[in-house]
Every structure is written in C-alpha cells, then in structure tokens.
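**Student:** Build me a structure from this.
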Amino acid sequence: MNTSSYPRILQNKLYLYLTEFFSGMAVMAVEIGAQRLIAPYFSSSQIVWTIIIGMIMIAMAAGNIYGGKKADKDQNPDKLYGRILFAAIWLALIPFLGKYVIVGISALVIFSVNANYLIIAAFATCLIVFVFPLFLLGTVTPSLARYTMRSLEEGGSVVGTLGAANTIGSILGTFLPTFVTIPTVGTNITFLIFAGILIALCIIYFLSEKRGQKKSVTAVILFIVASLLGYQTNFAFWQSKDGILYEGESVYNYLRVQDTQKETILSTNVLFGVQSILEKTNSLTGMYYDYAMAAPYMVQNPKDVLILGMGSGTYAHQLNKYMPGLNISGVEIDGKITDLAHKYFALSEAIPVSEYDGRAYLNETKDTYDVIMVDAYQDITIPFQMSSVEFFNSVKSHLKPGGVMVVNLNMHGTKQGGIADWLSDTISSVFDNVMTVDVPNNTNRELFASDQDMRTQLQNHISEVEDRQLRNLLKQVSSQLSVYHTSNHLLTDDKAPVELLGMKELDNIIREQVQPYKQIYKEEGLQGLLKSF
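**Tutor:** So this is what the prediction gives:
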C-alpha cells in the first residue's frame, strides 16, 4: 500500500501504536470514571455497572463499524485525529457539565415514568453523556489499521500489534484511575488527565504537519476552561461549602464530612443520606443507631461486640458512651473512612478496626462475640455476599451462647416481598428467634436475631439503665418489638438478587416522595412546581 501520501508522523508506526495505546487507555479510564460519576445518583450496583459496560460496548461497536467505512472512503488522517480531539474536549467538559445533565435527566425521568426510575435514568445518562465520545474513540482502531498496514502480507502482525497496544493501554486505563488518580486527585481531575493526554496526542499530530492550528488553539482554550470549571466543582454534593471539614475520594467512596453546631456528619453520596453521625449535644442520635443499642441489653452479660460496617464509628461511640467497659471491635472495608473516623468523629484509638470485607473477616477470625452488628451497606443495599444464608450461618457461628445479631435494614418499605422481607426470611432460616422494630420518621428497620428470648432479657435490663433518655428509648423498643413471621424467601450465595430488590424498593420510595410534586405540576404547571421548592 502506498503510504507516501500520509503525513510524515504517521509513516512512523510507533506513533500509530501510541495513538491506539492512549485511546484504549482513555476508554477504560472513562468507564471507571463513569461509574464514579453516576454512583452517587444511581448507585454503584451491578445493575449500574452492567448499564455502563453495555452502553460503552455498543458505542465502541458502532464506532468500529463507522470508523472502518470512513477509513475505506476517506484516507485523510486529519479526520481521525479531529474525531479524537472532539471526543477529548467532550470528556474534559464532563466534570463540570455532567452533574447538571444527570440531575436534568433524573427530573425528567421521575416526572415521565412510574417505575424503574434509576435504571432508566442510568441508561439515559450513559447515552447522553458517554456514548458519543466513546463512539468517536471507537473509530480509532479500524482507521489505524488502514494507516499502519503497509502490505497485505503484514496484515496479521499489524492488527495483532494494534490489539496488544489497545489491550495494554486498557489495562493501565483500568488500574491507574482505580488505585492512583481517583483516590489521589479525584474523579473530576481523572477525566481531565485522560482527556488532556488525548488532546496532547492530537496537537502533536497537527503541529507536526503545520496545520490544524485553529483546532489546536480552540482545543487548548476549551481544555483550560473545562479544567478551571471542573476543578472548582464537585460532582456529587450540592450543599454549600459551609462547615465542610473534608471532601475527597477513596478507592470505594466519594466522601464528605460536614460540621454543624449540633453534629458532625459523614456522607458518601447524594441520594442515600447520612452514613454516620457524631452527636455533640450529649444525647442520642435520633437515628437507627439508638434502636440498635437494644442489642447488648438483650444479652445476659455482654462483653464483646463486633461491628461489621464500622463507618465512622457512630454505633461504637454510642456503646462506649452508654455501656463503658465493652470490648468493641469493628470491620470497615474503606480505610479512608476509618481515618476520618479517628480525625473527625472521636473514634477511640483503643477500638481496633480491621480494613476488611465483613464476610472475609469472619472467615479468617475464630473469635466469638456477644453482639454482632451488621451494617455494611453498598449504596442501596447490603452487598450480596453479606445477605445470604451462608453468611448469616457464619455470623451465628461467631456468636457466643445467647448472643444477638442486630441488622440494619435501610429500606423496609410498605409492600410485601421487598428486600427487607427477603433478608428477614433468610435470617429466620438460621435463627430461632427474630424480632424487628421500625425506626420512626425514616425507612430503617432494626432486626434482632438470636436463639434465646431477647425481649425478656431486654426487659430485665431496662431498669438498670441510668440514662433516662436511653431507658425511655429501650422501653419504647421493647414495647414495639414484633416477632417476625417468615414468608420463606431465601437468599443464597448462588442466588441473591439484592440489587434488583433494592432498586424495586427504592422505586417505591421515590414514587411516594415524588407523588405530591407530580400533583402540583398537574394542577399548577411548572411555575407552581418551582414555587413548591
């Protein structure tokens, strides 16, 4: 094939392979970044991951087809590098514009459909925000194959080398954001870094041929503007910066610590509220942690407590405050949260916290406990490996005789067959005695499980409680405890559709919350709706 008409820089195969390498790296970096960008709004569940991966694969496949046809019809490489440049600018603008697009899509979906809000909104977000730039990057490989191949005899080696360059780039594009850039500088800057690499790649091409100066200058200006706007914004939180003690990202979460006169709050996303709290007024938190305080009083002589899902240590802090002398230990997979707990939430250094998955920890330890609290949540639901009958059997095996497991069910819902019912049924298949109590004014339900009579033990201990506020709360819990009657749903390691169940329950919650606003919109239109906020 005649390559003398190609730009001089493309006559060197190395630059073509570098283009393939960096394009593959950018695609995977965008995939990882996309998950972090939309997780605070739609969760980071397997369902959302499936949507992201599926939409990206569709975009890449369509780009491959289009790119192949364009390479056959028009062999001008300026067009290819122009497409890469456009895709890079698009990606650079995502940190600033992305959350506005997401919120707009969410509002439109909520007012347009009656079910599957999060799934539809996640699909729409991926389609609008990510598909087009990745479609453009999908055109790279077939075009480069055309420019790289010098003869038909070397077709196999050229395609193989391009594939290797793309794969190696994709590997780096997977690991670098996850373990380096996102925890270090955040998701916003991660997008900017990989967009900047693509822009630099294209500018080198155009400058080497002394053409495309306007494109290059325009791209640089837009990138600078996007960097300034994207760096100054945050993609998940909308509150004012007042009282912000910390804002950043870990390998697992987007984290924010906010301080008020009465409390310090840890949040990990937008949709799902407060994850941990430190109450400064020397009183109960007013949240589900207070109801979980009943668990150690359901044991005759409690000594050892294990918390799976330590968070910033709210439950441990409460136990230390009201029941000093307990041996408390915790498990928290996100070490960054533990660091914040020590710095901002008064978590005692004397309380050991293992940086582990809760189930993996139980598999490794032989210790037993009087109380085990399960409060390990991933966005909308308990991770599937900590929701199965096998997991709860493991918990039971680590309880001392007469021990109690307390589980926070964060979406108990109002309809039968929800995720809370599935979890409760599964627990009932393991423990002889299961009781629940709903926490007022929110969607939490506390479940207590044991093979002993928990209510009697609780009633026997209430009179010993010195703090009047806690004593009154325990009386309330005791009176409201209800025996759980199983419906024979069962979650197993092989089949635990907790994310689908969680999405369904969240749909119900959203529907209930949005219905009044839908009615206002129906009666008073957009103006009336805006006035209601």
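
**Student:** Would you tell me which strand is longest in the protein?
**Tutor:** Secondary structure of the chain per DSSP state E: the longest strand is strand 399-409.

**Student:** Just the C-alphas of the following helix or strand past it, formatted as PDB.
**Tutor:** For strand 399-409, the succeeding helix or strand toward the C-terminus, using DSSP states H and E, is helix 419-428. Taking Å, rounded to 0.1, in the frame of the first residue of the first chain, the C-alpha atoms of helix 419-428 are listed here in PDB:
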ATOM      1  CA  ILE A 419     -35.700  -6.600  50.100                       C
ATOM      2  CA  ALA A 420     -36.200  -6.300  53.900                       C
ATOM      3  CA  ASP A 421     -38.600  -9.200  53.800                       C
ATOM      4  CA  TRP A 422     -36.100 -11.300  51.800                       C
ATOM      5  CA  LEU A 423     -33.300 -10.600  54.300                       C
ATOM      6  CA  SER A 424     -35.600 -11.200  57.300                       C
ATOM      7  CA  ASP A 425     -36.800 -14.500  55.800                       C
ATOM      8  CA  THR A 426     -33.200 -15.600  55.200                       C
ATOM      9  CA  ILE A 427     -32.200 -14.700  58.700                       C
ATOM     10  CA  SER A 428     -35.200 -16.600  60.100                       C
END
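
**Student:** what pLDDT, on average, does helix 419-428 get?
**Tutor:** With pLDDT averaged residue by residue, helix 419-428 scores 92.

**Student:** One more: stretch 90-107?
**Tutor:** On average, stretch 90-107 scores 89.

**Student:** One more: stretch 143-152?
**Tutor:** 76.

**Student:** Can you name the residues in contact with that stretch?
**Tutor:** Stretch 143-152 has contacts (CB atoms under 8 Å, 6 or more residues apart in numbering) with 1, 3, 6, 10, 13, 16-17, 19-20, 67-68, 70-72, 75, 77, 80, 155, 158-159, 161-162. Where you see a C-beta, it was placed from the backbone N, CA and C, and this is true even at glycine.

**Student:** my guess is Gln519 is in a helix, correct?
**Tutor:** Yes: counting by DSSP: H, G, I helix; E, B strand; the rest coil, Gln519 is found in a helix.

**Student:** In helices, which of the contacts of stretch 143-152 appear?
**Tutor:** 13, 16-17, 19-20, 67-68, 70-72, 77, 80, 155, 158-159, 161-162 (DSSP state H).

**Student:** now those residues: which count as buried?
**Tutor:** Neighbour counting by 16 or more other CB atoms under 10 Å classes 13, 16-17, 19-20, 67-68, 70-71, 77, 80, 158, 161-162 among those as buried.

**Student:** Make CSV from those and add distance to Ile351 and pLDDT to it.
**Tutor:** Formatted as CSV, these follow (distance: CB to CB, whole Å; pLDDT from 0 to 100):
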residue, distance to Ile351, pLDDT
Lys13, 59, 83
Leu16, 57, 89
Tyr17, 53, 91
Thr19, 52, 94
Glu20, 51, 94
Gly67, 56, 91
Gly68, 60, 90
Lys70, 61, 88
Ala71, 62, 84
Pro77, 61, 87
Leu80, 58, 92
Val158, 60, 80
Thr161, 55, 90
Leu162, 54, 90
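
**Student:** Which two among those are spaced furthest apart?
**Tutor:** Lys70 and Thr161 (21.6 Å; CB to CB).

**Student:** ok, back up a step: relative to Asn408, which of the buried ones among the ones in helices among the contacts of stretch 143-152 is nearest.
**Tutor:** Among those, and counting by CB to CB, the member closest to Asn408 is Glu20, at 48.2 Å.

**Student:** Please report the distance of the closest one from Leu458.
**Tutor:** 65 Å (CB to CB, to the nearest Å).

**Student:** With Leu501 instead?
**Tutor:** From Leu501 over to Leu458 the distance is 30 Å, taken as CB to CB.

**Student:** where in the stretch 401-533 of the chain is pLDDT low?
**Tutor:** In the predicted model, the stretch 401-533 of the chain carries pLDDT under 70 at residues 412-415, 521, 523, 525-526, 528-533.

**Student:** can you pull out the strands in it?
**Tutor:** All strands of the stretch 401-533 of the chain, identified by DSSP state E, counting those that start in this stretch, fall at 433-438, 445-450, 482-483.

**Student:** where does the stretch 251-400 of the chain dip in pLDDT?
**Tutor:** In the stretch 251-400 of the chain (pLDDT under 70), the answer is 269-273, 378-381.

**Student:** which stretches of it form strands?
**Tutor:** 254-259, 263-267, 274-279, 304-308, 327-331, 353-354, 369-374, 399-409.

**Student:** Go through the third one and flag the buried ones.
**Tutor:** In terms of neighbour count (16+ other CB under 10 Å), strand 274-279 has its buried residues at Gln275, Ser276, Ile277, Leu278, Glu279.

**Student:** Then the fourth one?
**Tutor:** Using 16+ other CB under 10 Å as the burial criterion, the residues of strand 304-308 that qualify are Asp304, Val305, Leu306, Ile307, Leu308.

**Student:** could you check the angle strand 399-409 makes with that strand?
**Tutor:** 40 degrees (axes from the mean of the first three to the mean of the last three CA atoms, to 10 degrees).

**Student:** Leaving out chain neighbours, which residue sits closest to Trp422?
**Tutor:** His489 (4.4 Å; CB to CB, 6 or more residues apart in numbering).

**Student:** Great, nothing more from me.
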